[in-house]
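# Take this sequence and fold it.
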Amino acid sequence: MANALKLPVADTTSEKATWIASPSYAFYHFGTSGAAVAAASSITHPLDLLKVRLQMQMVGQRGPLIGMRQLGINVVKTEGLRALYMGLTPGLVRSVFYGGLRLGLYEPSLRLSEMALGSPSILTKVVVGAFSGALATAVTNPVEVLKVRMQMGRLTTKGPLQELRKMAADEGLTGFWKGAGPEMTRAAVFTASQLATYDETKRLVMRWTSLQDGFYLHLIASTVAGAASTIATAPIDVVKTRLMLQGESKHVGNYKNGLDCAYQLLRKEGPRGFYKGAFALFTRVGPQTTITFILCEQLRELVGLKAL
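Here you go, the predicted model:
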């Protein structure tokens, strides 16, 4: 099976030519990224739901916060086990396209910068990662809004498609782009920190140890990348969630934009407010990053693509 899917990628020159000439190469390239992110998201979705609900705790107030474990128990007791998978359908749809673009755009963009500027530096990798993440989010933001609202139990219709129609009727097209600014910023920071850290960690580990490209190298690099991206993006993720859910919660005020939301959050809830749900974010992003990169690397090897 693997041999039947092998593509002619013997060297960098032929791979560039294949990229331009072969639609199947592009399909495998973006498809492996999207499939890996979707698979990881399906496993970690309950943690994502808990993260969103933790971020919406004590909005505009300071006080004791419930922990992730207790929140999970409460959700299961009051709403049932299925509640942990609210928003899974739009989450998977988003993962395929967002993940495919976010990871898929990184490599060709890096090649273009290499052709223009020479061997890529860590700064180039950060810029390329930020561009890939921001563009992927700009395309998929409406599905993210729907997913977050479903995770909060806000679905008032019979399904995701009906909810999209209701959003369009009640809020217009602007409703689909609530939180787009912070979400694009978060995705840019997340992708830049994740991909650049993953890339550089692989390079440094191979330089300093005897490990070669393979499962254990991917495991180490993806774990480091998950930790780095969580630390970098937790505050922006809270702002994004608040903006997407304003109007959905009676406790949330009318934020003018992301900066206004961040200012009000800091003033009313203190610095700690930016890290509500941070542990849930880490317990989700860490395993998700590890699963994504390991699975993506395996899928790329299966279809004959070189490692990320």
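# tell me the pLDDT at T18?
Predicted confidence (pLDDT) for T18: 50.
# Ok, the one 10 residues further on next?
What the model reports for Y28 is a pLDDT of 85.
# mind listing what's buried in the helix or strand where it lies?
Element membership of Y28 [criterion: DSSP states H and E] is helix 23-55. Residues of helix 23-55 classed as buried: 25, 28-41, 44-55 (neighbour count, 16 or more other CB atoms under 10 Å). Heads up, the C-betas are built off the backbone N, CA and C, glycines and all.
# now swap in stretch 99-109 and tell me
Neighbour counts using 16+ other CB under 10 Å place 99-109 of stretch 99-109 among the buried residues.
# low-confidence ranges in this protein?
1-21, 58-64, 154-158, 247-253 (pLDDT under 70).
# Quick one: the helices in this structure, in order.
Taking DSSP state H to define them, one finds helices in the chain at 2-5, 12-21, 23-55, 68-79, 88-94, 100-104, 106-117, 122-151, 160-171, 180-208, 215-245, 258-269, 278-303.
# from the buried residues of stretch 99-109, which is closest to S210?
Closest approach to S210 among these (CB to CB): E107, at 26.2 Å.
# Nearest residue to that closest one in space, please, no chain neighbours.
The shortest distance from E107 to any non-neighbouring residue, by CB to CB, 6 or more residues apart in numbering, is to L308 (6.9 Å).
# same thing with G87?
What sits nearest to G87 in space, not counting adjacent residues and going by CB to CB, 6+ apart, is M150, at 3.5 Å.
# What is the neighbour count of the one you found?
22 (other CB atoms under 10 Å).
# who touches it in this structure?
Counting by CB atoms under 8 Å, 6 or more residues apart in numbering, M150 makes contact with 86-87, 90, 160, 163.
# Which among those residues count as buried?
With burial judged by 16+ other CB under 10 Å, the buried subset of these is 86-87, 90, 160, 163.
# which one of those residues sits closest to S229?
For the buried ones among the contacts of M150, the residue nearest S229 by CB to CB is G87; the value is 21.3 Å.
# correct me, but that closest one touches K147?
Yes: G87 is within contact range of K147, at 4.2 Å (criterion: CB atoms under 8 Å).
# distance of T78 from G72?
Distance, T78 to G72, using CB to CB, to the nearest Å: 11 Å.
# Show me which of those two is the more surrounded one.
Neighbour tally, T78 and G72, criterion other CB under 10 Å: the higher count belongs to G72, 18 against 8.
# Skipping its backbone neighbours, what lies nearest that one in space?
Closest to G72 by CB to CB, 6+ apart is L50, at 5.7 Å.
# ok, now how distant is the residue minimising distance to the centre of the chain from P160?
By CA atoms, centre = their mean, the mean C-alpha position of the chain lies nearest to A187, the distance being 6.6 Å. Plainly put, A187 is 21 Å away from P160 if you go by CB to CB.
# Look at the residue nearest to T185 when sequence neighbours are not counted and say how many residues are nearby.
Using CB to CB, 6+ apart and skipping residues adjacent in sequence, the residue nearest T185 is I236, 5.5 Å away. If you count neighbours by other CB under 10 Å, I236 ends up with 22.
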